[in-house]
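J.: Build me a model from this:
(2 chains)
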Amino acid sequence: MKIYEYIIRRLALMIFVLFGVSAIVFYLARGFPAAFAPWAQYITYRMKPSQIQAVIKAHGFDQPLYIQYLYWLKDVFHGDWGYSNWANGLPTYEVFASRFPFTVELTVAATILTVAIGVPLGILSALKNNTAADHASRIIALTGYSTPAYWFAYILQLVFFYYFYTWGLPNLPSGGVISQSLSGAVPTVTGLPIIDGIIAGNLAYTADAFAHVILPAFNLSFISLGYLARIVRASMLEVLRQDYIIMARSKGLSERIVIYRHALRNALIPAMTLTGLFFAGLLGGAIITETVFSWPGVGNVSLRAVFQGDSNFLLLYSLVTALIIVASNLVVDVMYVFLDPRIKY
Amino acid sequence: MTEQAVVSDTRESETKARIAELKYAIYLMRQNPLVLAGSLLVIFFLFLALTATLFVSPDSAVQLDFSRSYCWSGSSFSWTSLEAVCPTGSFLPLGTDGYGRSVLSMIVLAIPLDLSIAFIIVSIATAFGVLVGSVAGWVGGKFDEAMLRITDIFFAFPGLVLALVFAALFGRTIETLTIAVLLVWWPTYVRLVRGQVLVEKEKTYVEALRALGVHPPRIVLFHVIPNSIYPIIVQMSLDIGGVILTFSALMFLGFSPSPALPELGNLASDGIGHVFTAPWLIVFPGLTILVIALAFNLVGDGLRDILDPRLRR
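T.: Predicted structure coming up:
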């Protein structure tokens, strides 16, 4: 099979998966009696009964569920994702688009932290295999993915916001993306506060935004940096046993060059793909971390949408997240072919 | 030799080999201090889960005393300058929650609940995975393709969202939350067992059993599954921690059937509004979850290294 055939097949599967996800969420979100009727999101209190009837008819809410789904698909293909009631009836798409940059900023920060800590930790424990350093890194790794995210978020707040304050140290903010006094100080260009501050030349704004992202980003990366470290360790150990490494050593190359120039490059391929998947997973919004740190990203909003029965937002949100996850899986698999010429499809 | 005799003979030697393998694995486990520590912790928590009601009466979960809510006892250590101090003479080593109950007692009462739910979820997911995954792997064809596509859909979901939507819809009961978490967890096992069956299916012993005319369900159930049991056990022990984390996160996010239910995530949830005045209420239940999850992860991670001959060094 040629690589492009493989990609086409995967893209076809991707469309199938997206239909599946939308159908399941549609069934769960609209198929059961809820506190609000699903058409409640499409009407305003100024509408006359006849107008409401027209709305119900236009979106097929008087039809059986599977017909409603077709109506919904038609709306979506026309770019109409409906409205979100709690957001003052704003179009759902706008709500999502305004919140997504915050999630992007948090995700990028968390990924940078994860790689910066996880990769060296993995290398260290591979080189010091089965020593105290290896055990320590294993414990850090396992502690990371045994930690309840919500709990660690509050511990970070307690220590770096509250205790640092009581000890008279410079403390980090406990939540939000920007201090109240600076809110709105720069025009929104990209929607990412750190970048917007740089564009506007307002360094105080950027610094403040940076201070706000540290704790939530660390909270997210702490959970997965250990896993990354374990993967780096395992692939590093695998690579170090290869013949070409023995060859490099027997040529008399220094251990530094053997490890950093010869071993690490190949060992990092699995780490790279894992980082890609981690990044994609976080782009879907870290619900718990965003909620505890009052970070206004899509994960935070999706929890609110769950509680308020906002089926429009849930449909858009889960579709975008599923798309990101499936697409990144495909990208990772295709990248493998380029990174490792031995792999063929 | 008759067919029966050959089969039972094969099974006997398989069993012997497995016991020898197990003995070697236990030997390796004892060599690894981390796995040993994890196993001891797991045994401790299992023991505590079975005997919790001997130490703490279940009634203490409903004995509310609002005169001592959110209080910390002991003057030797103080969390914040804002905390309330418990009335003297009461034994409250980890402080109290909003209902004036001892946090320590509530944690002890919560451990059996959390552990049993985690075991139930992981066991059902495994049973389902073994059933569906082995059929998919063995039969192949359309059924396999369909199962693959369905698991694809579930893997594309951000796990927590599916559980949240489900829990929000079907009410806040422990049963609903259990199903919500199961919904997230089952595809992993189907894929795992399917992969194992695909590998084992091509091996000579399966061919031999087939040639002897053994029924395929028998081959799968008595030979293929036992031979691929280790990765399943590793996955189970790694997932116990993950399931407790997810389940308690749902509780923490507000899907608890009752705010007074002694469940670890729910106990921590009570402390949300009091982080800077009664931090112990989040610190200790969360720490308990961490230690339980860590114990199972240590065992699972160690087992994976031990049972995977490629990593055995």
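J.: Could you use CA atoms for every contact and neighbour count after this?
T.: Will do.
J.: Tell me, how many residues neighbour B:S256?
T.: Counted with other C-alpha atoms under 10 Å in any protein chain shown, residues neighbouring B:S256 total 22.
J.: What does the pLDDT read for the closest residue to it other than its chain neighbours?
T.: Spatial nearest neighbour of B:S256, excluding adjacent residues (C-alpha to C-alpha, 6 or more residues apart in numbering or on different chains): B:R172 at 5.9 Å. Per-residue confidence (pLDDT) for B:R172: 83.
J.: how near is B:R172 to chain A?
T.: Distance of B:R172 to chain A, given as C-alpha to the nearest C-alpha, to the nearest Å: 12 Å.
J.: cool, and B:A84?
T.: 17 Å.
J.: who does that residue bridge with?
T.: B:A84 has these beta-bridge partners by DSSP bridges: B:C71.
J.: Which secondary structure state is assigned to A:S318?
T.: At A:S318 the chain is in helix, as set by DSSP: H, G, I helix; E, B strand; the rest coil.
J.: which residues touch it?
T.: A:21-22, A:25, B:157-158, B:161 (C-alpha atoms under 8 Å, 6 or more residues apart in numbering or on different chains).
J.: returning to that earlier point: B:G159 versus the residue nearest to B:S256, what's the distance?
T.: In this view, B:R172 and B:G159 are 18 Å apart by C-alpha to C-alpha, to the nearest Å.
J.: where's B:T88, which helix or strand?
T.: Under the criterion DSSP states H and E, no helix or strand holds B:T88.
J.: With B:V193 instead?
T.: B:V193 belongs to helix B:174-201, assigned by DSSP H and E.
J.: Show the low-confidence segments of the chain, by residue range.
T.: Defaulting to chain A. A:1, A:34-35, A:285, A:340-345 (pLDDT under 70).
J.: right idea, wrong chain: chain B
T.: In chain B (pLDDT under 70), the answer is B:1-7, B:10-11, B:74-76, B:308-313.
J.: centroid residue for it?
T.: In chain B, the centroid-proximal residue (C-alpha atoms, centre = their mean) is B:I240; its distance is 1.6 Å.
J.: so the closest residue to it other than its chain neighbours is in which element?
T.: Using C-alpha to C-alpha, 6+ apart and skipping the chain neighbours, the partner closest in space to B:I240 is B:A118 (5.6 Å). Secondary structure assigned from DSSP H and E places B:A118 in helix B:103-139.
J.: Skip ahead from that helix and say which helix or strand is next.
T.: Reading on from helix B:103-139 to the C-terminus, the next helix or strand found by DSSP H and E is helix B:141-156.
J.: Next up, the contacts around the residue nearest to B:L264 when sequence neighbours are not counted.
T.: Distance criterion C-alpha to C-alpha, 6+ apart; nearest residue to B:L264, sequence neighbours excluded, is B:P285 at 5.2 Å. Going by C-alpha under 8 Å, 6+ apart, B:P285 touches B:107, B:264-265, B:267-268.
J.: Please look at B:S256 and B:T173 and confirm they touch.
T.: Yes. Under the criterion of C-alpha atoms under 8 Å, B:S256 makes contact with B:T173 at 7.2 Å.
J.: now A:Y162: how far from A:S174?
T.: Distance from A:Y162 to A:S174, by C-alpha to C-alpha: 8 Å.
J.: ok, the nearest residue to B:P216 once chain neighbours are set aside - how many residues close by?
T.: Once flanking residues are discounted, B:P216 sits nearest to B:R210: 7.5 Å by C-alpha to C-alpha, 6+ apart. Per other C-alpha under 10 Å, the neighbour tally for B:R210 reads 13.
J.: so what's B:A180 up against?
T.: B:162-164, B:166-167.
J.: and those residues near chain A, which?
T.: By C-alpha under 8 Å from any C-alpha of the partner chain, the members of the contacts of B:A180 lying near chain A are B:164, B:166.
J.: Same list as before, the contacts of B:A180 that is, but in JSON lines and with neighbour count and secondary structure included.
T.: Putting the contacts of B:A180 into JSON lines (neighbours: other C-alpha atoms under 10 Å in any protein chain shown; DSSP: H, G, I helix; E, B strand; the rest coil) gives the following:
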{"residue": "B:L162", "neighbour count": "22", "secondary structure": "helix"}
{"residue": "B:A163", "neighbour count": "24", "secondary structure": "helix"}
{"residue": "B:L164", "neighbour count": "20", "secondary structure": "helix"}
{"residue": "B:F166", "neighbour count": "21", "secondary structure": "helix"}
{"residue": "B:A167", "neighbour count": "24", "secondary structure": "helix"}
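J.: quick one: stretch B:183-196 near chain A?
T.: No. If you take C-alpha under 8 Å from any C-alpha as the test, stretch B:183-196 misses chain A, and the best it gets is 11.9 Å.
J.: who touches that stretch?
T.: Residues outside stretch B:183-196 that contact it (C-alpha under 8 Å, 6+ apart): B:122, B:125-126, B:128-130, B:132-138, B:148, B:151, B:154-155, B:159-160, B:162-163, B:228, B:232.
J.: can you rerun that using 7 Å?
T.: Outside of stretch B:183-196, the residues within contact range by C-alpha atoms under 7 Å, 6 or more residues apart in numbering or on different chains are B:125-126, B:129-130, B:132-134, B:136-137, B:151, B:154, B:159, B:163, B:228.
J.: Return the two entries of the residues you listed that lie farthest from one another.
T.: For the contacts of stretch B:183-196, with distances taken as C-alpha to C-alpha, the pair at the greatest spread is B:A163 and B:S228 (29.6 Å).
J.: now for the helix or strand where A:L303 lies, which elements pack on it?
T.: Assigned by DSSP H and E, A:L303 belongs to helix A:298-307. Helix A:298-307 sits against helix A:92-127, helix A:287-292, helix A:311-339, helix B:159-169, with contacts defined as 3 or more C-alpha pairs under 7 Å, 6 or more residues apart in numbering or on different chains; DSSP states H and E.
J.: residues in contact with that helix?
T.: Under the contact criterion C-alpha under 7 Å, 6+ apart, helix A:298-307 has outside partners A:96, A:99-100, A:103, A:284-287, A:290-291, A:313-314, B:164-165, B:168.
J.: Could you work out the end-to-end span of stretch B:153-173 for me?
T.: The straight-line separation of the ends of stretch B:153-173 (C-alpha to C-alpha) is 26 Å.
J.: Can you point out the buried residues in that stretch?
T.: In terms of neighbour count (16 or more other C-alpha atoms under 10 Å in any protein chain shown), stretch B:153-173 has its buried residues at B:153-169, B:172.
J.: likewise stretch B:104-119?
T.: For stretch B:104-119, a neighbour-count test (16+ other C-alpha under 10 Å) marks B:104-112, B:114-119 as buried.
J.: just how off-centre is it within its chain?
T.: Stretch B:104-119 has its C-alpha centroid displaced from the chain centroid by 12 Å (C-alpha atoms, centre = their mean, to the nearest Å).
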